[in-house]
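>>> The sequence isn't on hand, but the structure is:
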């Protein structure tokens, strides 16, 4: 009986582990449902999305582009002895 051929550098134990991982991953695959809308509904949704994108291009209010930041630390806390 010929020995099974594994990927280069993959022994039997790793091959079995990989096979299990792939099988588990396939169980969790979420398939998308088909789009059952009519072409007219799809086109109307596209037009509505374009209209929403165009709303944000108007003049901006003064001060609206400034962001308010809280206390920004350096990421390191002071060490204290107990």
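Perfect, I can see it now. Please read these numbers as outputs of a predicted model, since none were measured by experiment. Numbering: from 1, shown residues only.
>>> pLDDT below threshold where in this protein?
Along the chain, the model assigns pLDDT under 70 to residues 1-9, 55-82.
>>> Going by residue numbers, what spans are helices in it?
Shown for the chain, the helices assigned by DSSP state H span residues 12-27, 39-55.
>>> need the ones you listed in TSV with distance to residue 33, can you?
C-betas here are computed from N, CA, C, even on glycine. Shown next, in TSV, are the helices of the chain (distance: least, Cβ to Cβ, whole Å):
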stretch	distance to residue 33
helix 12-27	18
helix 39-55	15
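>>> can you put those helices in a markdown table and add mean neighbour count?
Below are the helices of the chain laid out as a markdown table (neighbours: other Cβ atoms under 10 Å):
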| stretch | mean neighbour count |
| --- | --- |
| helix 12-27 | 10 |
| helix 39-55 | 9 |
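>>> Tally up the residues packed near residue 28, please.
Residues lying near residue 28 (other Cβ atoms under 10 Å) number 6.
>>> now do the one 3 residues further on
Under the neighbour criterion other Cβ under 10 Å, residue 31 is assigned a count of 5.
>>> From residue 45, how far out is it?
From residue 31 across to residue 45, the span is 22 Å (Cβ to Cβ, to the nearest Å).
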